[in-house]
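Undergrad: Mind folding the following:
(2 chains, ligands or ions: 1)
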Amino acid sequence: MSTPSVALHAPAGGTTREITLAQAIREALAEEMRRDERVFLLGEDVAEAGTPFKVLSGLVQEFGPQRVVDTPISEAGFVGIAVGAAMTGMRPVVDIMFGDFLTLAMDQIVNQAAKVHYMSGGKLRVPLVIRTTLGATRRSAAQHSQSLHAWFSHIPGLKVALPSTPYDAKGLLKTAIRDDNPVLFFEDKMMYQVKGPVPEEEYTIPFGVADVKRPGQDVTLVATSSMVYVALEAAQLLEQEGIQAEVVDPRTTFPLDVETLVRSARKTGRVVVVDEGHRRYGVTAELAAVIAEEAFYDLEAPVRRVGAMDVPVPFSPVLEDQTVPTPQQVAAVARELCGRG
Amino acid sequence: MTNPTATANLTELPEEVRDVPVAEWLRMYRLMATIRAFEEQVNELYVTRRMPGLAHLYIGEEAVAVGVCAALRPEDYITSTHRGHGHCLAKGARVDRMFCELLGKAEGYCRGKGGSMHIADPDSGNLGANAIVGGSAGIATGAALSAKMRGTDQVAVCFFGEGALGQGLLYEVMNMASLWRLPVVYVCENNLYNEYTHYRETTAGDILARPQAFGIPGEEVDGQDVRQVLAAARRAVARARRGEGPTFLLCNTYRYFGHHVGDVDRSYYRSKEEEEAWKRQRDPLKILREWMIAAGLARADEFEVAERAAREEVAQGVAYALAAPYPDPSEVTEHVYA
Ligand SMILES: Cc1ncc(C[n+]2csc(CCOP(=O)(O)OP(=O)(O)O)c2C)c(N)n1
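TA: Got it, this is the predicted structure:
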């Protein structure tokens, strides 16, 4: 994703200020740690370093190394430890530096955290948040650029949030921390410096509630995380041609706000789903299927998908930039759907 | 019977267990007998096709679970393995509800959602058995971190087979447990075989060199002698409660049955002679019984009474479970999310 050039509408009511997505994350963590002493942070270089992205800077100064815990480079180990701590009365928030490293902790997430509540017949709970990153175009190549949120959206027992704005990031993260289930929280690493209005006063955003980022009646662009900006730019291009695109951000892939997606699909009759995960078996496939199942008779055309190319993310900019969805690409697909191709 | 409050004050006993009253040794005997009778009944359920799925029997290894759990308080934690029935019972689970779980009944510890390999009973401090070899090492270590953060003096015990020595997770969490001085005890039950392969074919070097490399004290324990297990566990648990960090206990033991109930022809990986030698010479119930009789702490008939009571408890428990209702099919969608 390139740096977004599209401003988003301010959340309704109250006084707001412009802060970055990184600041929003940090505020959410600090507020929850002040509110609930069971909340603590665990991960590589989270304390003095505040993570390589500096998202957590300052937290160790306020909360001390007992609650902002630097770990060895042992993703499986510290995720497992967080699962055990969550099962016994704590509310850990784990930091996995790059989403790609989730692979190292898959057993702990998928076979342990996701299953404990069910396997124990509801007796044990795992109030765990795993914050991590997704997104390409940082010139980081194949092992630091993947968007793996579809994997976790597939697993019953897990919840998955992927905010697109500072406002959403703060509200959703606070909800994640208060949730009694394991939550995977994906932040686009290219979005940390994106600014947006965030209320002064406390608020949370419930899971499973999509947000219409831009209203329109001709075509629906469903987009996640940084793809919301790609969709908004596409909407601007389309507007110049007289096509009004509606941009809908599900904000959580599970729970999924099917109703809002379907309502928009019924209204416009044309849907493009945009997500930065690989297109093959991806989030776009699931959302397209859900919309097709529920809104088929109101659709004017098949639901179309725009995802990352099905290749490992390459290093060279001329190669990498082809692999991620662009506003031009999304606009072209939307144009086709509207019979203007 | 002999005075139950008398202590087995014998010099041959390890120092840590000289104050254990006779009644407590008898309780441990009874618990080992319960585990054995339970597992024999599980095998019977399998053979008579009344139990869905498979189970991994703990017979032969009873002294490890019983000795370790006797060093724990009810609020202390354990995590267990696929071969976990003994750990659950030793930590305080009830026979009837265990059978209910094994048979997929609604009154099972997990309402029939877990089965043999996933029994969890937080009320007795059991954070769950685990069907991923080594999979609970993180959970046990995390429970210890949590105890430390919450300022309790709870201890967490992580039971695992020597097969888990092949899993990287164990080393990752042992490293953190040592760095952070967590109150966790790693109990390696070396029953010589990872499934159907001798551990020497899969395990390079010295097992105790592993904890040593992390600065974790380790000791080898005769896992067939509950007195030795209890003594070692008391040392480890006391160390953990004092805030001095983790300990690694390497308990040498043996499973009498197959890897699971269906593993009947075992000649391709171990001999009948080996099995018989362990049963004859190294049986944990026999070792405790013979010592107590020889030391004049109990009479032979007291053990018969205990065994009969264990069998009776198991018979009643399984009868209860066989008659108990299954969960309502609608429960399938319950407990996916809290
Ligand atoms: C990660 C993983 N790999 C493989 C298995 C299959 N498996 C189940 S038990 C077992 C052997 C375990 O040996 P050990 O840990 O020594 O325990 P024991 O069965 O001897 O008690 C294996 C390989 C598994 N359950 N989990």
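Undergrad: From the ligand, how far out is B:E274?
TA: Separation of B:E274 from the ligand (Cβ to the nearest ligand atom, to the nearest Å): 15 Å. No exception for glycine: its C-beta is placed from N, CA and C like everyone else's.
Undergrad: Tell me which residues of stretch B:43-51 come out buried.
TA: For stretch B:43-51, the neighbour count (16 or more other Cβ atoms under 10 Å in any protein chain shown) marks B:N43, B:L45, B:Y46, B:M51 as buried.
Undergrad: do stretch B:116-134 as well
TA: Neighbour-count burial for stretch B:116-134 flags B:116-122, B:124-134 (criterion: 16+ other Cβ under 10 Å).
Undergrad: Distance of the residue in the stretch 101-250 of chain A that the ligand sits nearest to relative to chain B?
TA: Nearest residue of the stretch 101-250 of chain A to the ligand: A:D107, at 7.2 Å (Cβ to the nearest ligand atom). Per Cβ to the nearest Cβ, to the nearest Å, A:D107 is found 6 Å from chain B.
Undergrad: In contact with that residue, which residues?
TA: A:D107 makes contacts with A:A76, B:I132, B:G135, B:L169, as judged by Cβ atoms under 8 Å, 6 or more residues apart in numbering or on different chains.
Undergrad: which SS class is it?
TA: Under DSSP: H, G, I helix; E, B strand; the rest coil, the three-state class of A:D107 is helix.
Undergrad: Return the residues of the stretch 51-200 of chain B in contact with the ligand.
TA: Contact residues (Cβ under 6 Å from any ligand atom) of the stretch 51-200 of chain B with the ligand: B:56, B:82-83, B:131-133, B:161-164, B:191, B:193-195.
Undergrad: Please, where are all the helices along chain B?
TA: Counting by DSSP state H, the segments of chain B that form helices are B:22-47, B:62-69, B:85-91, B:95-102, B:137-150, B:168-179, B:209-213, B:226-241, B:272-281, B:284-294, B:300-323.
Undergrad: Give the buried residues for the first one.
TA: Within helix B:22-47, the residues that count as buried by 16+ other Cβ under 10 Å are B:22-39, B:41-43, B:45-46.
Undergrad: What is it packed up against?
TA: For helix B:22-47, the elements it packs on are helix B:62-69, helix B:85-91, helix B:95-102, helix B:226-241, helix B:284-294, helix B:300-323, judged by 3 or more Cβ pairs under 8 Å, 6 or more residues apart in numbering or on different chains; DSSP states H and E.
Undergrad: And the shortest one, how far out from the chain middle?
TA: Helix B:85-91 has its C-alpha centroid displaced from the chain centroid by 5 Å (Cα atoms, centre = their mean, to the nearest Å).
Undergrad: In it, which residues are buried?
TA: B:H85, B:G86, B:H87, B:C88, B:L89, B:A90, B:K91.
Undergrad: What of stretch A:251-267?
TA: A:251-254, A:256-258, A:260-267.
Undergrad: can you check stretch B:156-168 too?
TA: Buried positions in stretch B:156-168, judged by neighbour count with 16+ other Cβ under 10 Å: B:A156, B:V157, B:C158, B:F159, B:F160, B:G161, B:E162, B:G163, B:A164, B:L165, B:Q167.
Undergrad: Check stretch A:228-238 too.
TA: Buried residues in stretch A:228-238, defined by neighbour count with 16+ other Cβ under 10 Å: A:V228, A:Y229, A:V230, A:A231, A:L232, A:E233, A:A234, A:A235, A:L237, A:L238.
Undergrad: Need those residues in JSON lines (columns: pLDDT and distance to B:V187).
TA: Formatted as JSON lines, those follow (pLDDT from 0 to 100; distance: Cβ to Cβ, whole Å):
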{"residue": "A:V228", "pLDDT": "98", "distance to B:V187": "50"}
{"residue": "A:Y229", "pLDDT": "98", "distance to B:V187": "53"}
{"residue": "A:V230", "pLDDT": "98", "distance to B:V187": "53"}
{"residue": "A:A231", "pLDDT": "98", "distance to B:V187": "54"}
{"residue": "A:L232", "pLDDT": "98", "distance to B:V187": "57"}
{"residue": "A:E233", "pLDDT": "98", "distance to B:V187": "58"}
{"residue": "A:A234", "pLDDT": "98", "distance to B:V187": "59"}
{"residue": "A:A235", "pLDDT": "98", "distance to B:V187": "60"}
{"residue": "A:L237", "pLDDT": "98", "distance to B:V187": "64"}
{"residue": "A:L238", "pLDDT": "98", "distance to B:V187": "64"}
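Undergrad: Need the winner for burial among the helices and strands packed on helix B:22-47.
TA: Of these, the one with the most neighbours on average (mean count of other Cβ atoms under 10 Å in any protein chain shown) is helix B:62-69, at a mean of 30.
Undergrad: list the helices and strands it packs on?
TA: Secondary-structure packing of helix B:62-69 (3+ Cβ pairs under 8 Å, 6+ apart): helix B:22-47, helix B:85-91, strand B:156-161, strand B:184-190, helix B:226-241, helix B:284-294.
Undergrad: Could I get the full set of strands for the stretch 101-250 of chain A?
TA: Assigned by DSSP state E, counting those that start in this stretch, the strands in the stretch 101-250 of chain A fall at A:129-134, A:159-161, A:183-188, A:195-199, A:211-214, A:219-223, A:245-249.
Undergrad: pLDDT wise, what is residue 214 at?
TA: You didn't pick a chain, so chain A it is. Here, the pLDDT recorded for A:R214 equals 98.
Undergrad: Oops, wrong one, chain B.
TA: At B:F214, the model reports a pLDDT of 98.
Undergrad: Quick check: the residue nearest to it when sequence neighbours are not counted vs B:Y171, distance?
TA: By the measure of Cβ to Cβ, 6 or more residues apart in numbering or on different chains, the closest residue to B:F214 outside its immediate chain neighbours is B:S178, 4.5 Å from it. In this view, B:S178 and B:Y171 are 11 Å apart by Cβ to Cβ, to the nearest Å.
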